[in-house]
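Asker: how would this look folded up:
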Amino acid sequence: QVHLVESGGGLVQAGGTLTVSCAASGVTFTDYSLAWFRQAPGKEREVVAGMSKSGLSTYYPDSVKGRFTVSRDTAKSMMYLRMFSLKPEDTAVYYCALTTSSVLAEDQIDYWGKGTLVTVST
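Answerer: I've put the predicted structure just below:
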């Protein structure tokens, strides 16, 4: 059975840094592309980072490019999202996800974590 468990969310001041982590079990990590999504109150879930199966390619939307960094530790089946220069608009529940698709869309996700809340205060 596949499990994705996020950790590391919390309250951080604007301009601060936070890293959220995701522990995967029950999967062969390198068979999947990785993704981080977020959902802010009243908004649709959106992708904020992705990494290819090989780990050689990453994707970030313009809203977080240069501020967020995705990484993984395949030996530990862990993935990370390091967030810098956080803004109040980054407040959301952050979800890790795995997909066998090259398309980072919600309907292409095979497995989801349950999410971790990140709150950025002014």
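
Asker: Spell out for me which residue occupies the centre of this structure.
Answerer: By Cα atoms, centre = their mean, the chain has its centre lying nearest to Trp36, at 2.3 Å.

Asker: Check the gap between it and Arg45 for me.
Answerer: 11 Å (Cβ to Cβ, to the nearest Å). In this view, the C-beta of every residue, glycine as well, is placed from N, C-alpha and C.

Asker: And for Leu11?
Answerer: Taking Cβ to Cβ, one finds Leu11 at 21 Å from Arg45.

Asker: So those two - more neighbours on which side?
Answerer: The neighbour count for Leu11 versus Arg45, taken as other Cβ atoms under 10 Å, is higher for Arg45 (17 against 12).

Asker: excluding its backbone neighbours, what's nearest that one?
Answerer: Distances taken as Cβ to Cβ, 6 or more residues apart in numbering put Gln39 closest to Arg45, at 4.1 Å, once the chain neighbours are dropped.

Asker: Contact partners for the one you found?
Answerer: Counting by Cβ atoms under 8 Å, 6 or more residues apart in numbering, Gln39 makes contact with Arg45, Glu46, Ala92, Val93, Tyr95, Gly115.

Asker: Could you do Gly26 as well?
Answerer: Neighbour list for Gly26: Gln1, Val2, His3 [criterion: Cβ under 8 Å, 6+ apart].

Asker: Grab the nearest non-local neighbour of it.
Answerer: Gly26 sits nearest to Val2 (Cβ to Cβ, 6+ apart), 4.1 Å away.

Asker: Could I get the contacting residues of the one you found?
Answerer: Val2 neighbours (Cβ under 8 Å, 6+ apart): Ala24, Ser25, Gly26, Val27, Leu98, Tyr111.

Asker: Narrow the contacts of Gln39 to those that are buried.
Answerer: Buried residues within those, counting neighbours by 16 or more other Cβ atoms under 10 Å: Arg45, Ala92, Val93, Tyr95, Gly115.

Asker: Among those, which one sits closest to Met83?
Answerer: The shortest gap between Met83 and any of those belongs to Ala92, at 10.7 Å (Cβ to Cβ).
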